[in-house]
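A.B. asks: From the sequence below, what's the structure:
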Amino acid sequence: MKKYLEVMKTTFNDSLQYTSSLIFRFIGFIITMSILVSLWSFLYKDGNDIINGYTFNQMIWYLLLAEIITFGSGSKVATDEIRDCIKSGNIAYQVNKPYHYVIYTVFKYIADTFIRFIMFLLIAISLGLIYAGPIECFNIESLICAIPVYLLAVLITGLIKILISLTSFWVEDSKPFQMVYNKIILMFGVFFPLEMFPNIVQKIIRFSPIYGVSYGPAKLVINFSYHILKEILLSQIIIILIVSILIFIIYERGVKKLNVNGG
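C.D. replies: Okay, the predicted model is just below:
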């Protein structure tokens, strides 16, 4: 465990030196949110005080709180680094190191994501206060309960991206799959809350990673209840277990394939 903590420390220090590289993502985040706020402002001005159970204040904060997970978890450690390592053949050297490559990547991802997530969170809070004002009915209880939920959401995002990246053992490039995953999360978990979709789609989303990665955490903050908290935590734990098992299965098969082919 000590060696993985050292990896986190090193990655964290490196992230502090390259925070300026996030400026373009900050601009993209602000532009995206400005467009979405303008869209929903137009819809609510058309005589609608509440749309599918959401007030304007709740909708704007939902968008911001769901979007920060997407932007805050945009570390290349879980995507480009794994893909390039496998494609270049460097994975053959990594598997012989005195650590497990997957666990090493997870710890590195967590450290690289920490600064990124905090910075996007601060920007999101600022935009929320500007566009919609303070969150309605917000209390310290919802904040305390939201912290572990958001941490697990960020972890799940990284695990899923690692899982997708490991397909590079078999496909030429896993990047298109990453793009499809990101678009699905944005469309069904960020741009529109669960309640905006037909019942059949809602049921599918509730049993998908979308519920624990984007919709659930944001919904918990703007409309806190212990029932929602229990549902989200249960969903997140199940997702983590399933994805983790798949990661280790695919990784072991990928390494075996590598060894059979002569490294």
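A.B. asks: how many neighbours does Ser41 have?
C.D. replies: Residues within reach of Ser41, counting by other C-beta atoms under 10 Å, total 14. Where C-beta positions appear, they are placed from N, C-alpha and C, glycine not excepted.
A.B. asks: Could you check how far it is from Asp49?
C.D. replies: 13 Å (C-beta to C-beta, to the nearest Å).
A.B. asks: Common neighbours of these two, please.
C.D. replies: Common neighbours of Ser41 and Asp49 are listed as Phe56 (criterion: C-beta atoms under 8 Å, 6 or more residues apart in numbering).
A.B. asks: Which per-residue confidence value corresponds to Ala78?
C.D. replies: Ala78 carries a pLDDT value of 85.
A.B. asks: sorry, that was for Ala218
C.D. replies: For Ala218, pLDDT reads 90.
A.B. asks: Just confirm Leu186 contacts Thr70, I think it does.
C.D. replies: Yes - with contact defined as C-beta atoms under 8 Å, Leu186 counts as touching Thr70 (6.6 Å).
A.B. asks: and those two? which has more neighbours close in?
C.D. replies: Between Leu186 and Thr70, Thr70 has the larger neighbour count (other C-beta under 10 Å), namely 19 against 16.
A.B. asks: if I pick that one, what's in contact with it?
C.D. replies: With contacts defined as C-beta under 8 Å, 6+ apart, Thr70 is in contact with Thr157, Asn182, Ile185, Leu186, Val190, Ser214.
A.B. asks: The third one reaches Ser214, doesn't it?
C.D. replies: Yes - A contact is recorded between Ile185 and Ser214 when judged using C-beta under 8 Å, the distance being 5.8 Å.
A.B. asks: Could you check which of the two has the larger neighbour count?
C.D. replies: Using other C-beta under 10 Å, the more surrounded residue of Ile185 and Ser214 is Ser214, with 28 against 23.
A.B. asks: ok now do that one, which residues does it touch?
C.D. replies: Residues near Ser214 by C-beta under 8 Å, 6+ apart: Ala66, Ile69, Thr70, Ala153, Ile185, Gly189, Val190.
A.B. asks: Please identify the next secondary structure element, helix or strand, after the stretch of helix or strand the fifth one belongs to.
C.D. replies: What it means is Ile185. Ile185 belongs to helix 175-185 when assigned by DSSP states H and E. Following helix 175-185 in sequence order, the next helix or strand is helix 199-206 (DSSP H and E).
A.B. asks: Now that following helix: buried residues?
C.D. replies: Gln202, Ile205 (16 or more other C-beta atoms under 10 Å).
A.B. asks: Sort out which residues of stretch 90-105 are buried, please.
C.D. replies: Neighbour-count burial for stretch 90-105 flags Ile91, Ala92, Gln94, Tyr101, Val102, Tyr104, Thr105 (criterion: 16+ other C-beta under 10 Å).
A.B. asks: Okay, buried residues for the strand or helix carrying Ile160 please.
C.D. replies: In the assignment (DSSP H and E), Ile160 maps to helix 140-165. Across helix 140-165, burial judged by 16+ other C-beta under 10 Å covers 142, 145-146, 149-150, 152-165.
A.B. asks: Then stretch 126-141?
C.D. replies: Neighbour-count burial for stretch 126-141 flags Leu127, Gly128, Tyr131, Ala132, Ile135 (criterion: 16+ other C-beta under 10 Å).
A.B. asks: Other residues contacting that stretch?
C.D. replies: Stretch 126-141 has contacts (C-beta under 8 Å, 6+ apart) with 30, 33, 37, 55-58, 60-61, 64, 221-224.
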